[in-house]
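Chemist: here are the coordinates; sequence isn't available:
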């Protein structure tokens, strides 16, 4: 039995979620679209509002939020079989502990339960640890999005990865 719990984040998790976002944006900039400054400027009220839309999942060690993942099933009829995940982050102290695997298993189970056929994500091509994790979970690299974002004015490429459910 896992020592971690997977569940949907709500506005009551806003403070802990904001702290994890700050850690991630500061320590793992290749894993986030937002900069540390943009993340820091996001108010607690705005975090509550974002979480009220129920698009963020979390992994908990007891009562402590130790990771989060965006989960967005597509709504339009022709793409309703697909879902997008990301950002995906686990606090440094819990990396390698099984928390990320528990969270990914939760997202996959939820997506299957929602009748999705495919999960999709983007990850920086040089974020080798994250790419290796996704590959171990069954995701395949299907393409590269060149100049997907820019960090300090320098173009970054993203791998587009999919998991057939």
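Modeler: Thanks, I have the structure now. Values in this document were obtained by computation on a predicted structure and should not be read as measured data. Numbering: from 1, shown residues only.
Chemist: nearest residue to residue 112 other than its sequence neighbours?
Modeler: residue 165 (5.3 Å; C-beta to C-beta, 6 or more residues apart in numbering). C-beta here means a position set from N, CA and C on the backbone, and glycine is covered the same way.
Chemist: which residues sit in contact with that neighbour?
Modeler: Counting by C-beta atoms under 8 Å, 6 or more residues apart in numbering, residue 165 makes contact with 108, 111, 112, 116, 117, 118, 119.
Chemist: tally of neighbours for the third one?
Modeler: Going back to what we said before, that points to residue 112. When counting by other C-beta atoms under 10 Å, one arrives at 12 neighbours for residue 112.
Chemist: ok, now residue 111?
Modeler: 20.
Chemist: and what of residue 128?
Modeler: Residue 128 has 11 nearby residues by other C-beta under 10 Å.
Chemist: from now on call the first residue 265
Modeler: Sure, I'll start counting at 265 from here, so that last one is residue 392.
Chemist: what pLDDT is listed against it?
Modeler: Looking at residue 392, its pLDDT reads 94.
Chemist: distance of the residue positioned nearest the centre of the chain relative to residue 312?
Modeler: Centroid-nearest residue in the chain, with C-alpha atoms, centre = their mean: residue 352, separated by 2.2 Å. For residue 352, the distance to residue 312 equals 21 Å [C-beta to C-beta, to the nearest Å].
Chemist: distance between the helix or strand encompassing residue 421 and the chain's centre?
Modeler: If you go by DSSP states H and E, residue 421 is part of strand 418-428. Strand 418-428 sits 13 Å away from the centroid of its parent chain (C-alpha atoms, centre = their mean, to the nearest Å).
Chemist: and it, what's buried?
Modeler: Buried residues in strand 418-428, defined by neighbour count with 16 or more other C-beta atoms under 10 Å: 420, 422, 423, 424, 425, 426, 427.
Chemist: closest one of the contacts of residue 429 to residue 359?
Modeler: Closest to residue 359 out of the contacts of residue 429 is residue 372 (19.3 Å), distances taken as C-beta to C-beta.
Chemist: and the closest one, that's in a helix?
Modeler: Yes. Counting by DSSP: H, G, I helix; E, B strand; the rest coil, residue 372 is found in a helix.
Chemist: my guess is it meets residue 382, correct?
Modeler: No. Using C-beta atoms under 8 Å, residue 372 makes no contact with residue 382, being 11.1 Å away.
Chemist: overlap in contacts, those two.
Modeler: With C-beta under 8 Å, 6+ apart as the test, residue 372 and residue 382 both reach 427, 429.
Chemist: which one's more surrounded, these two?
Modeler: The neighbour count for residue 372 versus residue 382, taken as other C-beta under 10 Å, is higher for residue 372 (18 against 15).
Chemist: I am finished for the moment; much appreciated.
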